Every structure is written in C-alpha cells, then in structure tokens.
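Asks: Just need the structure, nothing else, for what follows:
(4 chains)
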2 protein chains.
Amino acid sequence: MYTIAPVAKDVSRFDLTRSVVCRGLSQQAARPLMAISSLHRKAPGEILFAEGDEADSIYEVLRGTVRLYKLLPDGRRLITAFVSAGRLLGLALDDVCVYTAEAITDVTLYRYKRTAFERLVDEVPGLAMRLLAVASDELRTAQERMLLLGRKSATEKVASFLVLMAGQQGSDGAEEVAIPMTRSDIADYLGLTIGTVSRTLTKLIRQGVIAIPTANRIEIRDRDDLEHLAAGETDRDL
Amino acid sequence: MYTIAPVAKDVSRFDLTRSVVCRGLSQQAARPLMAISSLHRKAPGEILFAEGDEADSIYEVLRGTVRLYKLLPDGRRLITAFVSAGRLLGLALDDVCVYTAEAITDVTLYRYKRTAFERLVDEVPGLAMRLLAVASDELRTAQERMLLLGRKSATEKVASFLVLMAGQQGSDGAEEVAIPMTRSDIADYLGLTIGTVSRTLTKLIRQGVIAIPTANRIEIRDRDDLEHLAAGETDRDL
DNA sequence: CGATATCTTGATAAGCATCAATGTGAGTGG
DNA sequence: CCACTCACATTGATGCTTATCAAGATATCG
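Replies: Sure thing, here's the model as predicted:
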C-alpha cells in the first residue's frame, strides 16, 4: 500500500469538500477535516484493518468496494456490509475493530486519524450531527439485514440483494447491475452457501426476472417482480 | 397508558441525572434534558410505537423489558432487540420508525420529545458524543447479531442468547437468569421457531449445561461450556 | 379449580448445506 | 496465438438441520 499526501496533484479529482463527511458543512468547517485526512489505495484482497486491531482510523471510500466481515473460530464468515464509493467505514467509538475490512476491487479512500477526528467532533459545528445521521442510517440498514438474515428465504434474500445493488447504482428502468463481489461474498452476505446463491440466480433467470450476461453483471428484466420477491410479498416460490 | 409529570413525587426514585443519557453530563448540562422528559408506563403487550409511525420520541427504559421487531407482510417476525432497564430506544434520525416497540413486562420509561432532544444536541456539551457512543454500541451489537443470525447453528444461537441474558443481569458464578420473554419471543429473536428453541433448551439440560426450574428462570450450571457453545468453538453438537 | 396461554415433545417434510463433478472465463507462458 | 492453468461458477445427488403440524403437558389466572 502506498500513501499520497492530500496535497498531491491528483487529489483535486476527489474534492474533499464533496466528501460524505464534509457534505453539508461549510467550507470553513470542512478545512480542519482536510488537514487530518490522507489518501490511500488498496489492491483487491488487501486488508484495511482486521477484527481485533486497534481502531485508529476512519475511512471514506472514494472508489471501489470494500467488504466488512466477522468470522467464527472455525472459519464461517458473515459479511456485515459492502461499502462502496461515498460511504464511511470504521465509524465507531470502540477501541478495537469489531470486524475486518478488506478491499474487493482496487479501492481509493480517505483516511482520517481517529483521535484527530474525535477532537474535531467538538470543534466543528454540525459534524457530530452528521456522524449521528450516518450512524443512524447504518443502524436502520443493520435492522433490515437482521430481518433478512433471520427470516427471509433464499429467494427473498437473493432478490433483496439484487434490489439493493440496483438501488446503490441509482438506475431504475430495465437495467444492468455491476456485481464486483464473488458468489462466495454474496453467500456470506446473505447467510447462504455459494451453491444456493447460484441455484437461486438460475431460478430467477428461468422465471425471466433477471438475466446474467457475464457472471459480474446482472440484468434486471422485471424490477417489480424482483421487489415483490425481495419484500416477501409473493407466493414464496413460483 | 397514563403519564406522570416529572415533578410527581415518586420520580425521585428515578433520578434523571443518573439516566443513561445524562450519565457523564454535568448537573447543569442535564437540567435541560429533564425539562423535556416525561415519565410513562406501559402494560405488557402495549405498543410504544409501530413501524411506519412518525418518529417523534426517544425513550429510556427505567424498569421492565421492551421488544423491538420488524414484520414481513405474511407475519414473519424478527425481534431486533430486547431493551431493558438503563437502555435507550428510538434513537434514530429517521422521520419514520423502522421497527415496532412493544412492552413485554410492565414497563416504566422516560420519554424525550425528539424535536426538543435534537435541539439540545447542539446546546448541551457532550451530549452528541454520548449519543454517538450509544449508537456506536448498538452498531457493534447489531453486527454480532448478524453473525448469529446468518452463521450460527440453533445450539449456538440459544447458547449465545443465554450468555447475553446472563451478562445483562450482571452475575457471573453459577447463576439463575430471569427470562421475561416467551419462547416465541426468543425464537423470533434468534431466527428460529419455538419448537427448535424448546428442543435446544432440552438438549442443553440433558448435557448438564443449564437447568430450568420454571419456564421463566434458567440456571446456568456450566458457564464455560455455555460460552464455548455460544462462540461456536466446540464440536458443534455434543 | 377449570380455562387458556404457553411450553414440550413427536413424526414428518421442506429447505438448504454438503460434497463432488463439470463448466466457464481470465490470465499466463510456451 | 493457442493450450494450459487456476479461480470462479454452475449443476447434481444426497443428507442434515430445522420448520411444520399436531398432540400432550404444564403453568397461569380469574
């Protein structure tokens, strides 16, 4: 991994005042944040931090996708979240990281030193409220995930995942969604196995709900059907 | 439901300066919070707020236990959390409640008007940080729950639940834990069915890990075993 | 003390996991 | 440029875990 000081010339492409943390803050309020930030890159498979590490940084993803996961002693894995451009990670006041963060694709991120960051919470007006909003949002999605993991069928889980991915990519007609993660990642995100994910996708293809031109691109052919499946509203297995 | 103004005489028993929200704040900082709080009681089964309601309040539980849950259209339920004395609920910046909160036992709570509460975030020093700490803690437990719901076996789930309950009740030797919720609640909390919960408890009894004098009290006979089971460290089925 | 909700237990089956084989695609070196 | 390789994905056969449905036991409350 290599670090680029925030004064490096290509940083202009990632204007910090447009970052998630700073959005909504005045230019003046945002400046001290810029001062404690640094730009980083990670290659696929590289680990940003691991469960149990000292939690000393907060990151904002500028480009690429990161997976956050927890492990059981025997290796079972659950991916708690995929974090893509414009989202924060590491936002917690725990001393120790409670999950591992690993790059899926090539990733570019801002890194904020946690100590400096927390000092700013008291100094930068509006920052605390912004962080609360982010945390609140994460809590909301966490509850949605619990419902999914605890009570949805395989079909409903996979459909939910596709709806989520489609939503993040902000399209809405008949559309094609990029899937940067592997089937194994998807399985560990949904609490399924790779076989079940694959079979379920095949079933959705046969039902005409989706199409899969290449393994990493999924075309949504019937968004309504998919959303009904995701919500658990339909006859659970057509 | 009946409301008691905070000046009512029995309020002294629930000194607000010792509340979770105020703990760590100065007396002076805590005062404006007291001004916007009111004391409430709910009977078992009563609903504090329902999913979809306008989110206008934040509650702190003083006595009793509340269940928070989400429903699927066909009635499947997932309990996202049990909230007992000393914990907050409704802490979110969403306009709409994303879950339902319902009293399990007789419950006593403080209620803070959200609008007033949020105004105080900017005025009361340290309050924002306290709320961030609470949110951060909830996020941590939410991730633990996801791992449980997505990747743990029935035995591991039930053992985890018992360890959690024992921990909340702050005992640590050989001990008896009060279980205020029904088997159905436990099932919906763990993503299981009532039958599986009951069977798993019976299995733990046969293994000598626990004993159940009455349905609502569980005695932990081998805390180490139980914790190993909960962590997923043991031969998954003895 | 009877009525009703809750809990336990049993028989059966559905859903998903497991394990293994095959298929596919991207990158590599001959 | 093509065969090779390796990682990833799909598919199939089978079995385990847990759900489902139903009956019986226990507890709780008026």
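
Asks: State the mean pLDDT of stretch A:61-72.
Replies: The pLDDT scores in stretch A:61-72 average 96.

Asks: How about that stretch and chain B, any contact?
Replies: Yes: interface with chain B: stretch A:61-72 contributes A:70, A:72 (CB under 8 Å from any CB of the partner chain). In short, each C-beta sits where N, CA and C put it, glycine included.

Asks: One more: stretch A:51-58?
Replies: No: using CB under 8 Å from any CB, stretch A:51-58 never reaches chain B; the gap is at least 10.0 Å.

Asks: For that stretch, list every residue counted as buried.
Replies: Within stretch A:51-58, the residues scored as buried using 16 or more other CB atoms under 10 Å in any protein chain shown are A:55, A:57, A:58.

Asks: starting at the chain centroid, how far to it?
Replies: 18 Å (CA atoms, centre = their mean, to the nearest Å).

Asks: Need the contact partners of it.
Replies: Contacts with stretch A:51-58, where a contact means CB atoms under 8 Å, 6 or more residues apart in numbering or on different chains, come from A:49, A:70-71, A:88-92, A:94-100, A:111-115, A:117.

Asks: Now the buried members of those residues.
Replies: A:49, A:70-71, A:88-92, A:97-100, A:111-112, A:114, A:117.

Asks: Tell me which two of these sit farthest apart.
Replies: Distances among the buried ones among the contacts of stretch A:51-58 were taken as CB to CB; the most separated pair is A:71 and A:117, at 27.0 Å.

Asks: hang on, the earlier thing: in helices, which of the buried ones among the contacts of stretch A:51-58 fall?
Replies: A:114, A:117 (DSSP state H).

Asks: Residue numbers of chain A in contact with DNA strand D?
Replies: For chain A, the residues in contact with DNA strand D (CB under 7 Å from any atom of the strand) are A:182-184, A:194-195, A:197-199, A:201-202, A:212, A:215-216.

Asks: Who wins on neighbours among the residues you listed?
Replies: Scoring the residues of chain A next to DNA strand D on neighbours with other CB atoms under 10 Å in any protein chain shown, the highest-scoring entry is residue A:197 at 23 neighbours.

Asks: Quick check: that one touching residue A:187?
Replies: Yes: Residue A:197 is in contact with residue A:187 according to CB atoms under 8 Å; the separation is 4.8 Å.

Asks: which residues are common contacts for these two?
Replies: Shared contacts of residue A:197 and residue A:187, defined by CB under 8 Å, 6+ apart, are absent.

Asks: Can you tell me the centre-most residue of chain A?
Replies: Chain A has residue A:83 as the residue nearest its centroid, 1.9 Å off, counting by CA atoms, centre = their mean.

Asks: Contacts for the host helix or strand of it, please.
Replies: If you go by DSSP states H and E, residue A:83 is part of strand A:77-84. Residues outside strand A:77-84 that contact it (CB under 8 Å, 6+ apart) are A:61, A:64-71, A:89, A:99, A:101, A:104, A:141-142, A:145, A:168, A:181, A:185, A:188-189, A:191, B:143, B:146-147, B:150-151.

Asks: any idea of the mean pLDDT for that strand?
Replies: Strand A:77-84 comes out with an average pLDDT of 97.

Asks: And the residue in chain A that DNA strand C sits nearest to, its phi and psi?
Replies: Across chain A, the shortest distance to DNA strand C (CB to the nearest atom of the strand) belongs to residue A:196, at 3.0 Å. Dihedral pair for residue A:196: phi -70, psi -40, per degrees, to the nearest 10.

Asks: now the closest residue to it other than its chain neighbours: how far from residue A:36?
Replies: The shortest distance from residue A:196 to any non-neighbouring residue, by CB to CB, 6 or more residues apart in numbering or on different chains, is to residue A:154 (5.2 Å). As judged by CB to CB, to the nearest Å, residue A:154 and residue A:36 stand 44 Å apart.

Asks: Same question for residue A:72.
Replies: Look at residue A:72 and residue A:36: by CB to CB, they are 35 Å apart.

Asks: can you tell me the helix or strand for residue A:150?
Replies: Using DSSP H and E, residue A:150 falls within helix A:127-151.

Asks: Please work out the angle formed by the directions of that helix and helix B:127-151.
Replies: Per axes from the mean of the first three to the mean of the last three CA atoms, to 10 degrees, the angle that helix A:127-151 makes with helix B:127-151 is 20 degrees.

Asks: what comes up buried for helix A:127-151?
Replies: In helix A:127-151, counting by 16+ other CB under 10 Å, buried: A:127-132, A:134-136, A:138-140, A:142-151.

Asks: Could you do stretch A:60-76 as well?
Replies: Within stretch A:60-76, the residues scored as buried using 16+ other CB under 10 Å are A:60-62, A:64-72, A:76.

Asks: can you give me the end-to-end distance of stretch A:159-176?
Replies: 14 Å (CA to CA, to the nearest Å).

Asks: So that stretch, near DNA strand C or not?
Replies: No: shown here: stretch A:159-176 not in contact with DNA strand C (CB under 7 Å from any atom of the strand), separated by at least 11.8 Å.

Asks: how distant is that stretch from the center of its chain?
Replies: Relative to its chain's centre, stretch A:159-176 lies at 14 Å (CA atoms, centre = their mean).

Asks: would you list every one of the helices in chain A?
Replies: Using DSSP H, helices in chain A cover A:27-35, A:114-123, A:127-151, A:154-168, A:183-190, A:194-206, A:223-231.

Asks: who wins for proximity to residue A:42 among those?
Replies: Nearest of the helices of chain A to residue A:42, taken as CB to CB: helix A:183-190 at 16.0 Å.
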